[in-house]
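Trainee: Task: produce atomic coordinates for the following.
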Amino acid sequence: MIIRFLPVTAMMTFVFILSFTVLGQSSGDTIKSTPSGLKAKPLKCDTCCQQKDLIDLFFKGDNPFYPKKDKRFRFFAIPLIAYDPATSLQLGLGGSFSLQLGKAADTKLSAGVASALYTLNDQFFIQYKGNIYFPHNKWFLQSDWRFYVFNLPTYTLGTNNQVAIPEVPGYKAVIVDPSLGGVYPMDYNWIRFHNVLSRRLTPLVNVGIGYHLDIHYSIADDNLLISNDTLYNTPHFAYSSLHGFNPGQYITSGLSANFVFDTRDDQVNAYRGVFINVSYRYNATWLGSSKNSSTLWTEFRTYIPLSKRCPRHLLAFWYFGSFVLSGEVPYLDLMSISYDQMNSSGRGYAQGRYRGEDFVYGEMEYRFPISPHSHILGGVIFTNVTTASNRDMHVPLFGYFQPAAGVGLRIMVGKHDRTNIAIDFGIGNMSQGLYVQTQEVF
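Mentor: Modelled structure (predicted):
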């Protein structure tokens, strides 16, 4: 769950977070489990320093938020209020959860986030993203469900910041309005239902199959105008026309084959380990897709500890790539900034700013504690880079790069499952943003 808003509302949102956080936690040691099945030790930085969370500042001894009996489900929610020129005032509720479906000794901790938001620009969206481990880690379910009644600026494909749009045959005149500055607002509704169920082959390897459905309908290009034989063009209309899609609605429906390798010590907030995810997806008309296509997703994350005394001091790296291998994929289903499972990529840029048939993203983050004893507060320094193709305009992948960098604050609100509230400020190429979410970015 990410809210991208103007810096002037940072304090307002921060006050809401601190004032209305609701936690359900369990007592005793952390219930995290390591990939080998051994119970992890409580997080300690040294003999006089033990990890605490925000609730420990207000309660000592028998914390009323920590029931005496073991509680396998933990949840906290925060009201969200923000302002953005693209969405006007945003109001809603968001939260995250962690879940232990088996014994801690041999079952990894499950986690997920959910949110519901309404804006004064008549936007409404509900989303849920979860990674669920069943008992003994035999099965692993990844889910991404969304319902959007949305409007958002769109741009030309690729990362070269060009404003040129490919011409559409059949019109005597094709005009691109230079006064728009390369920004093309769109309205659309979107239903996403993605699920991948994997079976454990070894303690570290899962393979599985998935079903993926994306429905975009009631699509309206605000600046599209067709007058007699003259077309006032937009990137979405040009792409849809050239690739044979109905610009008002389309469906992508497909099956996937998936491979996951995971040695992370925690799914919510890893301090060490590696995560690899490879997914081949085939979208077929017999499953309801508007056109046949195939895509490949590759992802790699690693976490490198920098201190034996304090595991919260580390380097984290994240890469993912999305590639159209064959056929035709609709414009809004092409990979874009902040359209990964957790909507967390591309800090420094607006959601959807860069998009392409081939898309590669990389990020590095330095994470460190700030509070000398409680470690409730932590910080991050990050940098990321994006590259994307535009095949119609002969813009290659790795031809242009768009970097960003920034800093962030972490507030530990759930020490037993390492849940942080993350507040980040990022600066990109002629762009900047402030971001709030209820788990780590990756």
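Trainee: Pass me the low-pLDDT residue ranges in this protein, would you?
Mentor: For the chain, the stretches flagged by pLDDT under 70 are 1-49, 54-56, 58-71, 76, 81-89.
Trainee: Helices of that one, start to end?
Mentor: Remark: helices assigned in the chain by DSSP state H are 10-20, 235-242.
Trainee: List the beta-bridge partners for residue 226.
Mentor: Judged by DSSP bridges, the bridge partners of residue 226 are residue 231.
Trainee: longest strand of this structure?
Mentor: strand 184-202 (DSSP state E).
Trainee: got the buried residues for it?
Mentor: Of the residues in strand 184-202, those buried by neighbour count under the rule 16 or more other CB atoms under 10 Å are 184, 186-190, 192, 194-198, 200. For every residue, glycine as well, the C-beta is placed using N, CA and C.
Trainee: So which of the residues you listed is the closest to residue 211?
Mentor: The nearest member of the buried residues of strand 184-202 to residue 211, counting by CB to CB, is residue 195 at 5.8 Å.
Trainee: list the contacts for that closest one?
Mentor: 141, 142, 143, 144, 210, 211, 212 (CB atoms under 8 Å, 6 or more residues apart in numbering).
Trainee: Mark which of these are buried, thanks.
Mentor: Here, 16+ other CB under 10 Å leaves 141, 142, 143, 144, 210, 212 buried among the contacts of residue 195.
Trainee: what sits against the first one?
Mentor: Going back to what we said before, that points to residue 141. So, once contact is read as CB under 8 Å, 6+ apart, residue 141 ends up touching 130, 131, 132, 134, 195, 196, 197, 198.
Trainee: Go ahead and confirm residue 409 touches residue 425.
Mentor: No - under the criterion of CB atoms under 8 Å, residue 409 makes no contact with residue 425, lying 9.1 Å away.
Trainee: hmm, back to that, which single one of the buried ones among the contacts of residue 195 is nearest to residue 401?
Mentor: residue 144 (27.1 Å).
Trainee: Look up the residues forming beta bridges with the residue nearest to that closest one when sequence neighbours are not counted.
Mentor: Of all residues not flanking residue 144 in the chain, residue 194 sits nearest, at 4.1 Å (CB to CB, 6 or more residues apart in numbering). Beta bridges link residue 194 to residue 144, residue 212, judged by DSSP bridges.
Trainee: Could you report the separation of residue 194 from residue 301?
Mentor: Residue 194 sits 19 Å away from residue 301, taking CB to CB, to the nearest Å as the criterion.
Trainee: Distance from the chain centre to the longest strand of the chain, please.
Mentor: In terms of CA atoms, centre = their mean, to the nearest Å, the gap separating the centre of strand 184-202 from the centre of its chain is 11 Å.
Trainee: what angle sits between that strand and helix 235-242?
Mentor: 70 degrees (axes from the mean of the first three to the mean of the last three CA atoms, to 10 degrees).
Trainee: which residue ranges form the strands in the stretch 251-400 of the chain?
Mentor: Counting by DSSP state E, counting those that start in this stretch, the stretch 251-400 of the chain has strands at residues 273-283, 293-305, 314-327, 335-336, 355-356, 358-369, 377-388.
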